[in-house]
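# Below: sequence and its predicted model.
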Amino acid sequence: MTIRRLLAVSTLSLALSAGFAHAQSAPIALERIEAAVTAGTPRVVAWRRDLHANPELGFAETRTAAMVAEHLRALGMEVRTGVGKTGVVGVLRGGRSGGTVALRADMDALPVQEATGLPFASTATGTYMGNTVPVAHACGHDAHVAMLMGAAEVLAGMKAEIPGTVVFIFQPAEEGAPPGEPLGGAALMLQEGALENPRPDAIFGLHVVPGRPGTVFYRPQGFMAASDRIDIVLHGRQTHGAWPWKGVDVIAVAAQIVQTINTLTARTIDPTTTPTVFTIATLDAGVRYNIIPDQAVLSGTLRTFDVAQRDDLVRRAGIAINNVAETYGATAEFSVRQNAALVFNNEELSAWLAPVLTEAAGAGNVNAGSPPTTVAEDFSYLSQEVPGVFYHLGGSKDGVDPATSPPNHSPGFDVNEAVLPLGVRTHVLSAIRFLERD
């Protein structure tokens, strides 16, 4: 644990145990919060549909950012734009003195061809890796933005009674740094002061995923995996497909490397202790059926929950890849770049949050001991700076088994709009109850 995290945890522990003098007045009633959420739900749904029909790729979220900034300004907030290229930060200062809490939503879409059949389905395109591609909100970030905009409206309506400050972070490029960019959205927003002036005492965020609608689930400590991008470039010698012995066959090398990585992970990592996934997802090589090319380019992802284990696996994978290439007479370039760190939910804050989420979702709808998941989130960088908790919101269609519900990043992924009010409530209550804590 870093010194910065230790200091942040220590500060949080003191705040949660000792409380603040401002927190002695009566809390804002749940009934009042629910009434405000219900009144704003039609606007949240409309925002979500508008954003869904107009998705934008990472660091290109100009329309989305302008829409968010205009809304926050209309609510009377201090607003900073261009934080991390297209990021937006809004600051709501309550009418009473107190601490500071942050809420975060991500704004970017994906290069995916939508196949939901929705009347507001995306027909947008964008530029990715130099190509024109379809763009869709296939991960639910449209719902995230709409829910946090709704929460901002509810909280602004209670400004005079809020004992402290709420910071709203609308983040670009959660899906990772676009090609040519050294940092993704969370890391760049941090670098440009998103969590400064004022600095939050805690931060909360959510993500819609397949799950029973109305449920909330998370876990303390490691919840979502660290994510690394893997790139491998193989160099061989081009030859006729009929004479493979006259060249160096990078296609054969690539096939062997995929098998080696799969076997290395499956046979040297204990899956019962730390889930680990090492996937090669792309292979680009050749232009003609009867020519063995001189180069093959592979890329993939590594998902881990243990830093030392991850470092050792990367080391051994590099050795194995070079050995396979050398066996065939080829050479290999192996590189690794982290897209997201481990999402680590502060233990004390996680325990405190469970009854707050139950207040929002109802008894029996909150699981604070969910299994870890190998998908990743760069919220991890934000919660490395200040104590945080990230939780999931079940968003499958009514009557659909979450196990067969289209997953995030798939062409058919969609969000059950009936869960949007719940996301607004969890945002509002996590902020208010944190500032009211005693």
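Ah, there it is.

# give me every residue that touches the nearest residue to Val356 once chain neighbours are set aside.
Distances taken as CB to CB, 6 or more residues apart in numbering place Arg433 nearest to Val356, at 4.7 Å, with adjacent residues excluded. Placement of C-beta: from N, CA and C, glycine included. By CB atoms under 8 Å, 6 or more residues apart in numbering, the contact set of Arg433 is 27, 356, 359.

# can you check Gly40 too?
So Gly40 contacts 150, 153-154, 424 (CB under 8 Å, 6+ apart).

# where in the stretch 1-150 of the chain is pLDDT low?
Residues of the stretch 1-150 of the chain meeting the criterion pLDDT under 70: 1-24.

# Helices of that one, start to end?
Using DSSP state H, counting those that start in this stretch, the helices assigned to the stretch 1-150 of the chain run over residues 3-18, 30-53, 62-74, 141-156.

# Figure out which of the ones you listed is closest to Asn339.
helix 141-156 (15.8 Å; CB to CB).

# Can you name every helix or strand that that closest one contacts?
When contacts are defined as 3 or more CB pairs under 8 Å, 6 or more residues apart in numbering; DSSP states H and E, helix 141-156 sits against helix 30-53, helix 62-74, strand 87-93, strand 96-106, strand 163-171, strand 202-209, helix 420-436.

# which of the residues in it are buried?
141-156 (16 or more other CB atoms under 10 Å).

# hang on, the earlier thing: His235: which of the contacts of Arg433 is nearest?
Nearest member of the contacts of Arg433 to His235, counting by CB to CB, is Val356, at 55.4 Å.

# Give the full set of residues in contact with that closest one.
Going by CB under 8 Å, 6+ apart, Val356 touches 429-430, 433-434.

# try it again with 7 Å
429-430, 433 (CB atoms under 7 Å, 6 or more residues apart in numbering).

# between these, which is nearest Val89?
The closest of the contacts of Val356, once distances to Val89 are taken by CB to CB, is Ser430, at 18.0 Å.

# Ramachandran coordinates for Thr272?
Taking degrees, to the nearest 10, you get phi -80, psi -10 for the backbone angles of Thr272.

# Tell me the confidence at it?
You'll see Thr272 listed with a pLDDT of 85.

# what about it, how many neighbours?
Per other CB atoms under 10 Å, the neighbour tally for Thr272 reads 6.

# For the nearest residue to Gln256 once chain neighbours are set aside, pull up the helix or strand it's in.
Leaving aside its sequence neighbours, Gln256 sits nearest to Val324 (CB to CB, 6+ apart; 5.1 Å). For Val324, the host element (DSSP states H and E) is helix 307-328.

# Could you tell me which residues within that helix count as buried?
309-310, 313-314, 317, 320-322, 324-325, 328.

# Cross-check the contact I'm expecting between Glu436 and Pro163.
Yes. Counting by CB atoms under 7 Å, Pro163 is a contact partner of Glu436 at 6.1 Å.

# and the residue nearest to Thr276 when sequence neighbours are not counted, how many residues sit next to it?
Nearest residue to Thr276 in three dimensions, chain neighbours excluded: Ile269, at 4.6 Å (CB to CB, 6+ apart). Ile269 has 19 neighbouring residues, counting by other CB under 10 Å.

# Turn the helices and strands packed on helix 141-156 into JSON lines, columns for distance to Leu190.
Formatted as JSON lines, the helices and strands packed on helix 141-156 follow (distance: least, CB to CB, whole Å):
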{"stretch": "helix 30-53", "distance to Leu190": "24"}
{"stretch": "helix 62-74", "distance to Leu190": "17"}
{"stretch": "strand 87-93", "distance to Leu190": "10"}
{"stretch": "strand 96-106", "distance to Leu190": "11"}
{"stretch": "strand 163-171", "distance to Leu190": "10"}
{"stretch": "strand 202-209", "distance to Leu190": "11"}
{"stretch": "helix 420-436", "distance to Leu190": "20"}
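
# Of these, which is nearest Tyr218?
strand 202-209 (9.0 Å).

# on contacts alone, who are the packing partners of the closest one?
Applying 3 or more CB pairs under 7 Å, 6 or more residues apart in numbering; DSSP states H and E, we find strand 202-209 packed against strand 96-106, helix 379-385, strand 388-394, helix 420-436.

# where does the stretch 151-300 of the chain have low pLDDT?
Counting by pLDDT under 70, the stretch 151-300 of the chain contains no low-confidence range.

# So which residues of it form helices?
Secondary structure of the stretch 151-300 of the chain, counting by DSSP H, counting those that start in this stretch: helices at 185-191, 250-268.

# can you list those in TSV and add distance to Met77 and mean neighbour count?
Listed next are the helices of the stretch 151-300 of the chain as TSV, based on distance: least, CB to CB, whole Å; neighbours: other CB atoms under 10 Å:
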stretch	distance to Met77	mean neighbour count
helix 185-191	17	24
helix 250-268	47	17
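
# Mind putting these into CSV with distance to Ala351?
Putting the helices of the stretch 151-300 of the chain into CSV (distance: least, CB to CB, whole Å) gives the following:
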stretch, distance to Ala351
helix 185-191, 25
helix 250-268, 33
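
# closest one to Gly395 among these?
Nearest to Gly395, of all the helices of the stretch 151-300 of the chain, is helix 185-191, at 21.8 Å by CB to CB.
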